[in-house]
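In: could you work out the structure for the sequence below:
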Amino acid sequence: MSKIYRMFQHQVAERGSEIAIVSQTEGLRLSFDQVLARTLSWQQILSNTQPGSVALATGNCSAFLEIFLALCSLGRSQVTLDGAGSREEKLRLSRNLGCSLLIDRSNEDAPPVPPLEGAPDSTVRFTIVDDRQPIEPPPGTVLIKTTSGSTGHPTGVCLSEDALVAGVEQIGEAMQLTSADRVLIAIPMSHSYGFDNGVLSLAILGTPLILESPTYLRRLLQTLVEEGATFLPTVPPLVHFLSESEWPTHHTLRRVICAGGRLDRQVAQRFRETTGLPIHQFYGSTETGGITFEADPTDPDAEGSVGHPLPRVDIQLGPNGEVEVRSAANHGGRLGEARELIGQAVRVGDLAEWTPGGRLRITGRAVDFVNVSGRRVSIPAVEDSLRAIEGVIEAAVLGTDDPVRGERLVAFVVGDLDRIDGTALPTGLGPRDIRRLDALPYTERGKLDRNSLRRIATEGS
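Out: Model prediction:
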């Protein structure tokens, strides 16, 4: 029997009548017993579908967790896809990732969905993926997480049940996350960060979930108070918006986590001034799960770092400072690649250094360099120079092809362009093309959407 499903059954036996999921958008309050009953209904439906990997793209709803558990019980591997986006895009990704079935939900713009007999959620639809190219994941794969797709070509990262269990147990121990907590999930559960802190924390640690949309901040804060949330996983854009919101006087929130990208120090400070709560940095990757966590953001040594390594996570820095991770939570290979990676170190592509207190400080990306007229330029260094200028709120820099210089820098700035002084930028390396935006684009996962910026740069050149 599935290890994760067996662990969930243990939670049901221990806490059957207690609330497991509160979904504001669905108007649901489900106990552990009820989640199990709904899972068994999905299990019956899925047992009659054709074999092969399943693409799960329902978005944040109770069915996402229930169908995941049902597929685990049936020994079916599954791919998690973002619920946002067009159905055509989901089908394209499902086909590219070799899935036989796409499971998503209808929306207001879509035609009514024929009800599935016995389905707990009538909005969920099953679509057979035609003309798929069968792709066999490595043996033992139960979950295939998609990367953020910053290159425009998302790939599948294959994980075993042992890796998933190890990962969430490391997170729970480091964050002191237990079944007594209530996690408010406003980030996508299809993303590695949201999946581990949401789906797996409930199934394995027994931590109840409160599902809410990040779109309506006033409602999110109201739900936070009414449901007694104690944990709030966030991403940098959400921290920014929450720091500018009117916070409730009384709440039970004890820990706010931020991951998924660089959090500006000023935004973190403003959030603390607004809420009285510090931000706990969490650093990880799709390939390794959690890597580090900052338990004490008030420690001076924590400034600019992402915290200490999680329990049983070994971090080594290569000759150039590139982060290498050994952990029981590491992935077992990429979909379509016949490589055995169990026990090997995973390079996550970040450059880092150690603080005197043993914390990890990220200094850049191993690939975040461009060659401008024969000179190697660090994109993060240019971005930091722009952010340091008075009046600049956010900044992002891209390297694009240039017929004369090889590559050129294009900068996107949120703030007052009139205050940008070229002398404040690295000598001779400052971007000649600086464009003002009202806001930088971010993906549903809270990552800077560099593909959108690249399109803007191409359209304007």
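
In: now do the helices in the stretch 351-461 of the chain.
Out: Counting by DSSP state H, counting those that start in this stretch, the stretch 351-461 of the chain has helices at residues 379-387, 450-459.

In: which one of the ones you listed is the most hemmed in?
Out: helix 379-387 (a mean of 19; mean count of other Cβ atoms under 10 Å). The C-beta positions use only the backbone N, C-alpha and C, and glycine is treated the same way.

In: please save the CA atoms from it in CSV.
Out: What follows is helix 379-387, C-alpha atoms only, in CSV (Å, rounded to 0.1, in the frame of the first residue of the first chain):
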residue,chain,number,x,y,z
ILE,A,379,22.8,40.5,-13.8
PRO,A,380,22.1,40.4,-10.0
ALA,A,381,24.8,43.0,-9.4
VAL,A,382,23.2,45.4,-11.9
GLU,A,383,19.8,44.8,-10.4
ASP,A,384,21.1,45.5,-6.9
SER,A,385,22.7,48.8,-8.2
LEU,A,386,19.4,49.9,-9.7
ARG,A,387,17.4,49.0,-6.5
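
In: roughly how far is that helix from the heart of the chain?
Out: Computed by Cα atoms, centre = their mean, to the nearest Å, the separation of helix 379-387 from the middle of its chain amounts to 24 Å.

In: relative to Val414, which of the helices of the stretch 351-461 of the chain is closest?
Out: helix 379-387 (10.0 Å; Cβ to Cβ).

In: elements contacting that closest one?
Out: On a contact count with 3 or more Cβ pairs under 8 Å, 6 or more residues apart in numbering; DSSP states H and E, helix 379-387 meets strand 360-365, strand 392-402, strand 406-415.

In: bridging residues for Leu101?
Out: Val54, Ile128 (DSSP bridges).

In: my guess is it contacts Pro51, does it?
Out: No. Counting by Cβ atoms under 8 Å, Leu101 stays clear of Pro51, with 9.4 Å between them.

In: what's the following helix or strand after the helix or strand encompassing Cys72?
Out: Per DSSP states H and E: Cys72 is located in helix 62-74. Counting by DSSP H and E, the next helix or strand C-terminal to helix 62-74 is strand 78-80.

In: which one of the helices of the stretch 351-461 of the chain lies closest to Ala70?
Out: helix 450-459 (33.6 Å).

In: for that closest one, C-alpha coordinates in CSV please.
Out: Only the C-alpha atoms of helix 450-459 are listed here, as CSV (Å, rounded to 0.1, in the frame of the first residue of the first chain):
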residue,chain,number,x,y,z
ARG,A,450,11.2,36.8,-17.2
ASN,A,451,9.4,35.3,-20.2
SER,A,452,6.9,38.2,-20.1
LEU,A,453,9.8,40.7,-19.7
ARG,A,454,11.6,39.1,-22.6
ARG,A,455,8.5,39.6,-24.8
ILE,A,456,8.2,43.2,-23.8
ALA,A,457,11.9,43.7,-24.6
THR,A,458,11.5,42.1,-28.0
GLU,A,459,8.4,44.1,-28.9
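
In: now that helix: average pLDDT?
Out: For helix 450-459, the mean per-residue pLDDT is 81.

In: which of Leu101 and Pro51 has more neighbours?
Out: Leu101 (22 against 9; other Cβ atoms under 10 Å).

In: distance of that one relative to Thr49?
Out: Using Cβ to Cβ, to the nearest Å, one gets 6 Å for the distance from Leu101 to Thr49.

In: now do the shared contacts for those two.
Out: By Cβ atoms under 8 Å, 6 or more residues apart in numbering, Leu101 and Thr49 have these common neighbours: Phe126.

In: reformat the helices of the stretch 351-461 of the chain as a markdown table; add distance to Arg76.
Out: A markdown table is the format used below for the helices of the stretch 351-461 of the chain (distance: least, Cβ to Cβ, whole Å):
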| stretch | distance to Arg76 |
| --- | --- |
| helix 379-387 | 41 |
| helix 450-459 | 31 |
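
In: can you tell which of the ones you listed is closest to Pro114?
Out: helix 450-459 (34.9 Å).

In: what's the burial count for the residue nearest to Val313 when sequence neighbours are not counted?
Out: Distances taken as Cβ to Cβ, 6 or more residues apart in numbering put Ser327 closest to Val313, at 4.6 Å, once the chain neighbours are dropped. By other Cβ under 10 Å, 25 other residues sit near Ser327.

In: now do the one 10 residues further on
Out: Close neighbours of Glu337, defined as other Cβ under 10 Å, add up to 12.

In: on that earlier part again, of all the helices of the stretch 351-461 of the chain, which one is nearest Phe412?
Out: Short answer: helix 450-459, nearest of the helices of the stretch 351-461 of the chain by Cβ to Cβ, at 5.7 Å.

In: against which helices or strands is that closest one packed?
Out: Partner elements for helix 450-459 (3+ Cβ pairs under 8 Å, 6+ apart): strand 392-402, strand 406-415, strand 433-436.
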